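[1] Everything below, folded, please.
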Amino acid sequence: MVLPKRTGDLTRRQLMALAAAGAGQVVLSSPGWARTRRQQPKSAWGVQLYTVRDQIARDAAATLQGLATIGYTELEILQPTLPVIAPLARKLNLSIVSAHLDRPTATGEGLSALVAQAKANGLRYLVVPFVPPDERPTDRAGFVQLARRWSRMAEEVSAAGLQLCYHNHAFEFGQDRDGTRWLDVIMQETAAARMKLELDVFWAAITGADPIEILRRYSGRVALVHLKDQDPQAARSLVEAGVPRQSFVEVGFGALDFVSILAAARAAAVEHYFVEQDFTPGDPLESLKKSYAYLARL
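    Residues are numbered from 1 along each chain as shown. Sure thing, here's the model as predicted:
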């Protein structure tokens with residue numbers, strides 16, 4: 001389902017959701033609560049650099065400086081940019097947590113070299129980000145075959161001390177004849193300890209699925225989350241190419257209830273959060289600044 005819009009003050013239900021996830025009792029009028037809040041560590045919000053792909057190509061150093069100035073502390077990168085981004089990130093004390101694999105590596109080609117490179121630069125996660133439309137299965141047997149490939153890759157990644165994840169889009173919420181979602185087939189056919197999920201809440205919600213239901217179903221297995229918001233007027237779709245650019249909006253300014261999503265994510269032991277906005281109406285850094293400001297208030 002598409003979750004209700006929440007862009008203003010936190011409701012009582014939302015505050016209770018945060019408390020249930022371990023955020024602690026919230027008493028807004030209490031000076032003691034204010035002191036406790038100041039003593040708590042700041043959330044480490046991350047950013048997927050696909051959002052600033054054009055800016056990175058023009059001036060990577062200035063773009064990363066802009067992200068650090070906003071307050072982001074963690075990065076998820078695109079694999080080919082690692083040699084450029086790694087030294088710049090170190091200078092700015094930005095942590096590269098994960099990398100989205102390029103198309104050849106996502107099939108296993110050159111995986112060993114990337115694993116070595118990732119370890120040398122302190123990455124913890126490698127993510128299969130996408131199955132191109134011309135390679136997508138249309139039946140259960142095809143998805144099982146994909147899962148087997150990723151399982152073989154996950155064994156190699158796990159043996160090196162890293163974690164392989166799969167990042168969903170919309171097509172995985174199509175169904176088998178018996179009603180089983182393709183996403184569930186992928187999760188069932190891969191080992192829980194070796195293959196985890198990077199849940200993209202936008203792509204889940206645009207299909208009519210509930211990100212909170214997914215977090216609860218796969219509690220302990222969703223390692224990473226992509227935070228992106230959805231225009232309230234966006235139509236449901238299982239086809240990414242059919243989703244208009246204006247459907248992507250800044251976190252906290254669309255239809256998704258991020259207070260409840262984040263509460264469910266914490267309860268599910270999600271480890272890292274990356275803001276991503278595939279398309280922005282203007283300067284991507286300005287959009288990322290708006291998303292960060294909303295998240296920082298939470």
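
[2] Tell me which helix or strand Phe130 sits in.
    For Phe130, there is no host helix or strand (DSSP states H and E).

[3] likewise Val97?
    Using DSSP H and E, Val97 sits within strand 95-100.

[4] what's the answer for Lys119, then?
    In the assignment (DSSP H and E), Lys119 maps to helix 111-120.

[5] CA-only coordinates of that helix in CSV, if you can.
    In CSV, the C-alpha atoms belonging to helix 111-120 read as follows (Å, rounded to 0.1, in the frame of the first residue of the first chain):
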residue,chain,number,x,y,z
LEU,A,111,34.1,-10.2,-8.7
SER,A,112,37.4,-11.4,-7.1
ALA,A,113,39.2,-8.2,-8.1
LEU,A,114,36.4,-6.0,-6.8
VAL,A,115,36.3,-7.9,-3.5
ALA,A,116,40.0,-7.2,-3.0
GLN,A,117,39.6,-3.5,-4.0
ALA,A,118,36.5,-3.1,-1.7
LYS,A,119,38.4,-4.6,1.3
ALA,A,120,41.4,-2.4,0.7
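
[6] Quick one: list the elements packing against it.
    Judged by 3 or more Cβ pairs under 8 Å, 6 or more residues apart in numbering; DSSP states H and E, helix 111-120 is in contact with strand 125-128, helix 140-159. Heads up, the C-betas are built off the backbone N, CA and C, glycines and all.

[7] ok, so what distance separates the closest residue to Arg103 other than its chain neighbours from Gly252?
    Distances taken as Cβ to Cβ, 6 or more residues apart in numbering place Pro132 nearest to Arg103, at 6.9 Å, with adjacent residues excluded. For Pro132, the distance to Gly252 (Cβ to Cβ, to the nearest Å) stands at 32 Å.

[8] Of the two, which one has the most company?
    For Pro132 versus Gly252, neighbours defined as other Cβ atoms under 10 Å are more numerous around Gly252 (22 against 8).

[9] Among the helices and strands packed on helix 111-120, single out whichever gets nearest to Gly71.
    Among those, the nearest to Gly71 by Cβ to Cβ is strand 125-128 (21.6 Å).

[10] which residues touch that closest one?
    76, 97-101, 106, 114-115, 118, 150, 153, 157, 162-167, 198, 223-224, 272 (Cβ atoms under 8 Å, 6 or more residues apart in numbering).

[11] Cool, thanks, signing off.
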